[in-house]
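Asker: The following block contains a protein sequence and its predicted model.
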Amino acid sequence: MIKNEIKALGLKFDGTILTDNLSKTLYATDASVYRKIPLAVAIPKTVDDIQKLINFASDNNIGLIPRAAGTSLAGQCVGDGIVVDVSKHFTQILNLDKSKKQVTVQPGVIRDDLNKYLEPYGFFFGPNTSTSNRCMIGGMVGNNSSGTTSIQYGVTRDKVVSMKTVLSDGSKVEFKAISVPDFKKKTTKNTLEGKLYKYLYKELSKSSIQNEINKEFPKPQIHRRNTGYAVDELLKSKVFDPAAVDFNLCKLLSGSEGTLAFTTEITLQLEELPPKHSAMVVTHYSSLEDCLSDVEPVMGHGLHMCEMMDKVILDCTKNNKTQLKNRFFVEGDPAALLMLELKSGSKTGLQKDLKALLN
Ligand SMILES: Cc1cc2nc3c(=O)[nH]c(=O)nc-3n(C[C@H](O)[C@H](O)[C@H](O)COP(=O)(O)OP(=O)(O)OC[C@H]3O[C@@H](n4cnc5c(N)ncnc54)[C@H](O)[C@@H]3O)c2cc1C
C-alpha cells in the first residue's frame, strides 16, 4: 500500500526517490555499527521537494532521516523511515559576507571544500572533525561537531548564526538571534513557529525547570559535549537572563541530530586564517594517568590543538600499510601521547611559546 503512495510521491518530485533493494541497503547504515533497511531513499533537488517529503511523512506517520555525508558514529542516519540525502543537490555556497565574516551554505557543502573556497579571502570555518574531507555542514550542525581545534575555535553550535529550515508542518522558518520584543511578538503568532516560541517560553520560565536544567545538565565548562537537546543553551539568553545574549533557536537546533527541523541553509561565523608559523610537540608517557594529568597544565599555553592518542589507537597503526608512515614521530612503545600544536604570527613568537611550553 505505502509502496504505491511512495511511487505517487516520486511522480511529483523534482529529485529522485529510490526504493530498490541495493539503494536501501547502501543507505541502511552510517559510520556506526547500526543497520536498518529504510522504507525508501529520497534525494531532493529543491526545498519544495523537502516540503513534499515532510507533508508525505506527516500524512503517513513515517519518520524522515536527514543525511549529509553519513559519517555519524552513533546511528544518527539510520532508521526505518525515509532517508533524505542532501549530499547531491544541496551543495552550493550561497553567499560570503566579508564585512561580517559570515558565509551562507546549503547543508551538503563539504567542510574542507568550504575552507578551500574561503582561503583566498583570508577566512576559514573553525570546527575541524577527523572526517573534514567528506563531512558536510548540515551534518556538522546536526551533530554539533567539534574536533581538534575546538579548544581554540569552539564547536559548531558557537558558529551557527542563522538557519533556514522546514518544520514538521511543511512551513519554512528562519531561525536567528532575536531581541526580547521580537521574541514576545513571535509567541503571539498562531503558526507552528509561534507555538514553538510560546511553548519554550512557558516551560523555560518555570523556576522548577530552570533549577532542574542547571542541576542536571553538564557543567558549562564542559563545552565540547553533546548530551541530548541543548535547552540549557536557551536559558543563556536575554529572554531568561538580561545579562546574556539574544535568544537564538539555532543553539537548540545544533546538535539535535535532524529531529527538530529540516535544514536547507546555514549561515556560519568564520575565523580569520590561523597564524602561519606552527610547531607540534609530541609528549610520550608510560602511563595513561601521567598523560591525563599533563592535560591541565599544557592547556594553559594557548594551544591550537591538544589531542591524546593511547596505545589502543597507536597499536592499530603498527601493521597498517597506510598508517605505518604516519607514525614516524612515535618513539618506543608509549602507553599514550599528547599532540600539542602551537601557532604564532612570527618565528620568534613561536620559539618563545615553545620554550614556555617545554619548560
Ligand atoms: C573516523 C571518524 C572520525 C570522526 N571524528 C570526529 C571528530 O573529530 N569530531 C566530531 O565531532 N565528529 C567526528 N566524527 C563524527 C562525524 O564525522 C561528524 O559528526 C560529522 O560532522 C558528521 O557530518 P556528516 O556530514 O557525515 O553528517 P551525517 O552523519 O550525515 O548527519 C549528522 C546528523 O545531522 C543530521 N542532518 C544532516 N543533514 C541535515 C539537514 N539538512 N537537516 C537536519 N538535519 C540534518 C542527520 O540526521 C544526523 O543526525 C567522526 C566520524 C568518523 C567515522
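Answerer: Structure's in. What do you need?
Asker: what about this structure, any weak spots by pLDDT?
Answerer: 1 (pLDDT under 70).
Asker: check contacts around P220.
Answerer: Shown in contact with P220 (C-beta atoms under 8 Å, 6 or more residues apart in numbering): D232. All C-beta spots, glycine's among them, are computed from the backbone N, C-alpha and C.
Asker: cutoff 10 Å now
Answerer: N214, D232, E233, K236 (C-beta atoms under 10 Å, 6 or more residues apart in numbering).
Asker: okay but the first one is in contact with F240, surely?
Answerer: No: judged on C-beta atoms under 10 Å, N214 makes no contact with F240 at a distance of 11.2 Å.
Asker: These two: which has the busier surroundings?
Answerer: Each of N214 and F240 has its neighbours counted (other C-beta atoms under 10 Å); F240 has more, 16 against 11.
Asker: D48 versus the more buried one, what's the distance?
Answerer: When distance is defined by C-beta to C-beta, to the nearest Å, F240 is 37 Å away from D48.
Asker: Which positions in the stretch 1-150 of the chain make contact with the ligand?
Answerer: 30-31, 65-73, 76-77, 86, 107, 129-131, 135-136, 138-140, 142-143, 145-147 (C-beta under 6 Å from any ligand atom).
Asker: Would you write out the ChimeraX command that picks the buried residues out of those residues?
Answerer: Filtering these down to the buried ones (16 or more other C-beta atoms under 10 Å) takes a single ChimeraX command:
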select :30,31,65,66,67,68,69,70,71,72,76,77,86,107,129,131,135,136,138,139,140,142,143,145,146,147
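Asker: What about L18, how many residues nearby?
Answerer: Around L18 there are 20 residues (other C-beta under 10 Å).
Asker: May I have the beta-bridge partners of it?
Answerer: V41 (DSSP bridges).
Asker: quick one: the strands in the protein?
Answerer: 16-18, 40-43, 64-67, 82-85, 93-97, 102-105, 123-124, 160-166, 172-176, 262-269, 271-272, 277-285, 305-310, 336-344 (DSSP state E).
Asker: Could you pull up the residues touching the nearest residue to A356 once chain neighbours are set aside?
Answerer: The spatially closest residue to A356, leaving aside those adjacent along the chain, is H301, at 6.4 Å (C-beta to C-beta, 6 or more residues apart in numbering). H301 is in contact with V281, L340, L342, D353, L354, A356, L357, L358, counting by C-beta under 10 Å, 6+ apart.
Asker: Redo the contacts of P220 as JSON lines? Include distance to the ligand.
Answerer: Supplementary listing: the contacts of P220 in JSON lines, determined by distance: C-beta to the nearest ligand atom, whole Å:
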{"residue": "N214", "distance to the ligand": "26"}
{"residue": "D232", "distance to the ligand": "19"}
{"residue": "E233", "distance to the ligand": "17"}
{"residue": "K236", "distance to the ligand": "22"}
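Asker: Which residue is the nearest non-sequential neighbour of the closest residue to the ligand within the stretch 201-350 of the chain?
Answerer: Closest to the ligand within the stretch 201-350 of the chain is G258: 2.7 Å, counting by C-beta to the nearest ligand atom. Counting by C-beta to C-beta, 6+ apart, G258 lies nearest to P66, which is 3.9 Å off, once chain neighbours are set aside.
Asker: Do I have it right that the one you found meets G142?
Answerer: Yes: the criterion here is C-beta under 10 Å, and P66 meets it with G142 at 6.9 Å.
Asker: what is in contact with these two at once?
Answerer: With C-beta under 10 Å, 6+ apart as the test, P66 and G142 both reach Q76, C77, P107, E257, G258, T259, T263.
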